[in-house]
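Peer 1: Got a predicted structure here, sequence first:
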Number of protein chains: 2
Amino acid sequence: MQNKPQKQLSQFLAGQGLRLTVQRERILEVFLKAKKHVSAEDLYAQLRKTDPGIGYATIYRTLKLLAEAGLAEERRFHDGFTRFEYKESDIHHDHLICTRCGSIMEFENERIEALQHDVAKKRGFQVASHKLELYGLCNDCLKKDRLKNRNRLRTRDTHGMYLPKK
Amino acid sequence: MQNKPQKQLSQFLAGQGLRLTVQRERILEVFLKAKKHVSAEDLYAQLRKTDPGIGYATIYRTLKLLAEAGLAEERRFHDGFTRFEYKESDIHHDHLICTRCGSIMEFENERIEALQHDVAKKRGFQVASHKLELYGLCNDCLKKDRLKNRNRLRTRDTHGMYLPKK
DNA sequence: AATCTTATTGAAAATCATTCTCAAGAAGGA
DNA sequence: TCCTTCTTGAGAATGATTTTCAATAAGATT
């Protein structure tokens, strides 16, 4: 069961009259090992360590292929470039994105999905896919903020005024 | 009350030590008249009819200003470019986007918003803003599909096979 | 294994929306 | 009117992604 994605790719390629190349195998391999939400740049940086000859174009092309093969999903958040995510199953999930540290968390909520369909139905709209992203501050960043505030409190003077830094 | 947006802009500019120019006035005017979700290109096309001298850069710059002044909101859907929408109030709304004809509809649903906050709270995440987009087929496009299918049924032969086109 | 066809690759050029640069032109205060 | 500083328009620059094209490699055929 370990090489299911590989099989899925080669079957897709065969079905389309396309060829399985070393580059495609390597890109898939690194893509699977990578953390979620990888950009083409991430993959390029990772791949050039082991496959120095590989080009940007090939990575972009292969990523697109993986998406067509159902192995990857294309995501665009608000930082200007496209990220890809391994698609393990058909379970859809949404994202929480920290605007300070850039971390991305996932969640799923069937009640939200149900309400979305209600809204659409009311308008005669047939939903094919959706995108829900919550932007804000993650727990870690909030913690750091609280720490900073606590320190600030400690450096007030006797009148309760903040002392100048340093 | 008709020129509230104009006032809002000039107050914003004054507050920032910026200047109210004819270009800015014209762009705001056309922006307000335009349909929702205008791109810089839309505005450029519209403006060049009456103000042929105006440049792309000025439009982009002004649109950004309008956003800072709280008059416009920047939106990025999945067609590659940025659209701006007049912000009439603080009521947030989400979008239904037809992937065939490109039409964009709006909706608001407080129950969805409430659930979003629940999800975030559970992770210690502080939501500042969010984005919810439903992609699919709008009522009109679905109607057209149904029509097409009906015609197709009528042109089957006596064995129930579809007849070749034309 | 040798051959042939056609997909694939890498490098560099092209794209395209958006941003920046900079000299010339306006706003608005003195 | 003069002066300072902001703004403008044209075109160059940016930067992620695509395309081009000649060289290379997959995989089918012999």
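Peer 2: On my side now, so go ahead.
Peer 1: which parts of the longest strand anywhere in chain A are buried?
Peer 2: Taking residue count as the measure and DSSP state E as the definition, the longest strand of chain A comes out as strand A:126-137. Of the residues in strand A:126-137, A:126, A:127, A:130, A:131, A:132, A:133, A:134, A:135, A:136, A:137 count as buried by neighbour count, 16 or more other C-beta atoms under 10 Å in any protein chain shown. No exception for glycine: its C-beta is placed from N, CA and C like everyone else's.
Peer 1: Pull up the pairing partners for it, direction included.
Peer 2: strand A:94-98 (parallel), strand B:126-137 (antiparallel) (DSSP bridges).
Peer 1: which residues are in contact with the shortest one?
Peer 2: Among residues not part of strand A:94-98, those counted as contacts by C-beta atoms under 8 Å, 6 or more residues apart in numbering or on different chains are A:75, A:77-78, A:103-109, A:112, A:131-138, A:140-141, B:119-120, B:123, B:125.
Peer 1: Could you verify my assumption that residue A:62 touches residue A:23?
Peer 2: Yes: using C-beta atoms under 8 Å as the test, residue A:62 is close enough to residue A:23 to be in contact (6.9 Å).
Peer 1: Looking only at neighbour counts, state which of these two leads.
Peer 2: Just comparing residue A:62 and residue A:23: by other C-beta atoms under 10 Å in any protein chain shown the higher neighbour count belongs to residue A:62, 23 against 17.
Peer 1: part of a helix, is that one?
Peer 2: Yes: the secondary structure assignment for residue A:62 places it in a helix, going by DSSP: H, G, I helix; E, B strand; the rest coil.
Peer 1: how about the residue nearest to it when sequence neighbours are not counted, secondary structure?
Peer 2: Using C-beta to C-beta, 6 or more residues apart in numbering or on different chains and skipping residues adjacent in sequence, the residue nearest residue A:62 is residue A:27, 4.5 Å away. Following three-state DSSP, we place residue A:27 in the helix state.
Peer 1: To what extent is residue A:27 buried, counted in neighbours?
Peer 2: Residue A:27 has 26 nearby residues by other C-beta under 10 Å.
Peer 1: And for residue A:69?
Peer 2: Here the neighbour count serves as a burial measure; for residue A:69 (other C-beta under 10 Å) it reads 20.
Peer 1: right, and it touches residue A:9 too?
Peer 2: Yes: shown here, residue A:69 and residue A:9 form a contact pair, counting by C-beta under 8 Å, at 5.5 Å.
Peer 1: For the nearest residue to residue A:36 once chain neighbours are set aside, which three-state class applies?
Peer 2: If the residues on either side of it in the chain are set aside, residue A:36 comes closest to residue A:85, at 5.3 Å by C-beta to C-beta, 6+ apart. The three-state assignment at residue A:85 reads strand, by three-state DSSP.
Peer 1: ok so, going back, what's next to the longest strand of chain A, contact-wise?
Peer 2: By C-beta under 8 Å, 6+ apart, the surrounding residues in contact with strand A:126-137 are A:77-78, A:92, A:94-100, A:112-113, A:116-117, A:120, A:145, B:99, B:116, B:119-120, B:125-137, B:142.
Peer 1: Stretch A:65-73 now?
Peer 2: Stretch A:65-73 is contacted by residues A:5, A:8-9, A:12-13, A:18, A:24, A:27-28, A:31, A:63, A:74, A:84-87 when judged by C-beta under 8 Å, 6+ apart.
Peer 1: How about that stretch and DNA strand C, any contact?
Peer 2: No: counting by C-beta under 7 Å from any atom of the strand, no contacts exist between stretch A:65-73 and DNA strand C, the nearest distance being 7.8 Å.
Peer 1: Average pLDDT for that stretch, rounded please.
Peer 2: Summarised as a single mean, pLDDT over stretch A:65-73 is 94.
Peer 1: Buried residues in it, which are they?
Peer 2: The neighbour-count check on stretch A:65-73 (16+ other C-beta under 10 Å) flags A:65, A:66, A:69, A:71, A:72, A:73 as buried.
Peer 1: How about stretch A:103-119?
Peer 2: For stretch A:103-119, the buried set under the neighbour-count rule, 16+ other C-beta under 10 Å, comprises A:104, A:105, A:107, A:109, A:112, A:113, A:115, A:116, A:119.
Peer 1: Please report how far the residue nearest to the spatial centre of chain A lies from residue A:141.
Peer 2: To find the centre residue of chain A, average its C-alpha atoms and take the closest one (C-alpha atoms, centre = their mean): that gives residue A:37, at 2.6 Å. Separation of residue A:37 from residue A:141 (C-beta to C-beta, to the nearest Å) stands at 18 Å.
Peer 1: ok, back up a step: what distance do you get for the residue nearest to residue A:36 to residue A:67?
Peer 2: According to C-beta to C-beta, residue A:85 and residue A:67 sit 10 Å apart.
Peer 1: Equivalent analysis for residue A:38, please.
Peer 2: Using C-beta to C-beta, one obtains 13 Å as the distance from residue A:38 to residue A:67.
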